[in-house]
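Novice: Next one to model:
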Amino acid sequence: MRKFKIGMIGHGGFGRFCMENYQAMENVEVAAVAGTRNDGVEAFAKEFNIPFFTTDYKEILKRDDIDVVAIMTPPSLHCEMAVEAAKAGKAFLVEKPLALSLEEADKMIAAAEEYKVASTIGFVMRYTWVYDKAREIALSGKLGKLKRMIFENYASGHLPDSHWLFDQNLSGGLLVEHGVHFFDIFTSIVGADFTKAKSIIPSPRETLAVVEYPNDVIATFYHAFDKPGAMEQNGARFVFEKGYVGVDGWIPMGIKVEYENEAGDIVIEEERVELSKDGYYRQLVKDVLADLLAQIEDPNFKPKVTLKEGRESLRLAITARDNSIF
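Specialist: The predicted structure follows:
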């Protein structure tokens with residue numbers, strides 16, 4: 001079995017989470033890590049027995065032994081790092097969102113194509129059977145026409161106001177940084193591009209987007225990072241002519257289908273993910289990287305998601321963010 005060597009750029013909270021899961025994969029070795037502070041990246045490298053560490057990410061790109069670069073930095077840095085990785089001939093995985101602008105996204109896509117490197121974006125929702133099943137139901141017509149889609153995320157407010165997530169210059173704002181997950185998966189379920197998108201943004205911690213798709217399908221996406229941790233609630237709901245599909249959790253842990261059968265009885269079908277939320281999230285993170293590695297081994301392999309799809313979710317996010325309802 002070939003062992004792929006990974007260079008991590010960024011080792012914050014999510015970078016650490018991803019690194020732990022990459023190290024658990026049999027065909028992966030995290031061989032290098034880059035961070036902004038020498039003492040911080042050195043301590044991280046020693047903690048996880050990573051042989052090479054640096055404060056200059058380009059030093060990782062110079063290494064012949066690195067096969068893949070995982071970019072786990074704030075979104076404002078994604079474009080530069082991905083383009084440089086492609087120029088160095090490194091496959092790259094970039095955390096969502098793809099970039100902060102469509103111009104940056106186009107540079108990243110062009111670089112991956114020009115230098116013929118495998119690439120992907122961290123859209124973990126594309127790897128879950130829960131949303132696959134929701135998509136299958138929508139395409140089957142079993143519940144009739146899809147009319148309405150709702151996603152609501154009442155998330156923990158533990159992050160301080162100074163965190164980069166709430167700085168639009170660094171993150172793009174909530175619709176760009178977090179909303180792209182759901183713009184991407186909902187668009188894949190509709191199977192069509194949006195026609196209109198607007199938003200209400202009361203504060204950097206709270207936002208609501210309203211999106212219209214063809215055939216009069218209306219979607220709303222609400223994100224708020226202001227709840228006590230124990231009071232977090234999130235999930236999706238799809239309304240059809242003849243029934244409903246509910247998805248539990250932003251990491252989707254279950255699906256509930258409700259409809260009336262031919263006898264006039266209300267049928268409720270439920271399925272749950274067997275793993276814990278943490279365990280399932282970890283598996284999805286590994287699935288994203290495994291998909292990229294499959295691209296490296298077989299240029300004809302069709303990945304679950306592409307950078308171009310990352311660009312389309314970004315286009316929707318930016319359109320909604322920059323068009324206020326009021």
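Novice: can we go C-alpha only for contacts and neighbour counts from here?
Specialist: OK.
Novice: Is residue 183 located within a helix, as I assumed?
Specialist: Yes: counting by DSSP: H, G, I helix; E, B strand; the rest coil, residue 183 falls inside a helix.
Novice: who are the neighbours in contact with the spatially closest residue to it that is not a sequence neighbour?
Specialist: Distances taken as CA to CA, 6 or more residues apart in numbering put residue 313 closest to residue 183, at 5.6 Å, once the chain neighbours are dropped. Residues in contact with residue 313 (CA atoms under 8 Å, 6 or more residues apart in numbering) are 180-181, 183-184.
Novice: burial of residue 267, as a residue count?
Specialist: For residue 267, the neighbour count with other CA atoms under 10 Å is 11.
Novice: residues in contact with stretch 60-78?
Specialist: Contacts of stretch 60-78 (CA under 8 Å, 6+ apart): 4-12, 14-15, 31-34, 54, 81-82, 84-85, 88, 90-100, 164, 169-172, 177.
Novice: Let me know the outermost residue of this structure.
Specialist: residue 263 (41.3 Å; CA atoms, centre = their mean).
Novice: mind pulling up the phi and psi values for that residue?
Specialist: phi -80, psi 0 (degrees, to the nearest 10).
Novice: Got the confidence number for it?
Specialist: With respect to pLDDT, residue 263 has a value of 89.
Novice: Check the spacing between it and residue 104 real quick.
Specialist: For residue 263, the distance to residue 104 (CA to CA, to the nearest Å) stands at 55 Å.
Novice: hang on, the earlier thing: export the contacts of residue 313 to TSV and tack on distance to residue 112, neighbour count and pLDDT?
Specialist: Shown next, in TSV, are those (distance: CA to CA, whole Å; neighbours: other CA atoms under 10 Å; pLDDT from 0 to 100):
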residue	distance to residue 112	neighbour count	pLDDT
180	21	25	96
181	22	23	95
183	23	26	97
184	21	22	97
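Novice: Let me know the closest of those residues to residue 150.
Specialist: residue 183 (10.9 Å; CA to CA).
Novice: Residues touching the longest helix anywhere in the chain, excluding its own?
Specialist: In the chain, taking DSSP state H as the definition, the longest helix is helix 277-297. Residues from elsewhere that reach helix 277-297, judged by CA under 8 Å, 6+ apart: 4, 17-18, 21-22, 25, 91, 93, 117-125, 127-128, 251, 253, 273, 301-304.
Novice: export stretch 32-40 as PDB, just CAs?
Specialist: The C-alpha coordinates for stretch 32-40 follow below in PDB (Å, rounded to 0.1, in the frame of the first residue of the first chain):
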ATOM      1  CA  ALA A  32       5.200  18.400   8.000                       C
ATOM      2  CA  VAL A  33       3.300  21.300   9.600                       C
ATOM      3  CA  ALA A  34       3.400  25.000   9.200                       C
ATOM      4  CA  GLY A  35       2.200  27.700  11.600                       C
ATOM      5  CA  THR A  36       2.600  31.400  12.300                       C
ATOM      6  CA  ARG A  37       4.400  31.200  15.600                       C
ATOM      7  CA  ASN A  38       7.600  29.200  16.000                       C
ATOM      8  CA  ASP A  39       6.900  28.100  19.600                       C
ATOM      9  CA  GLY A  40       3.400  27.100  18.800                       C
END
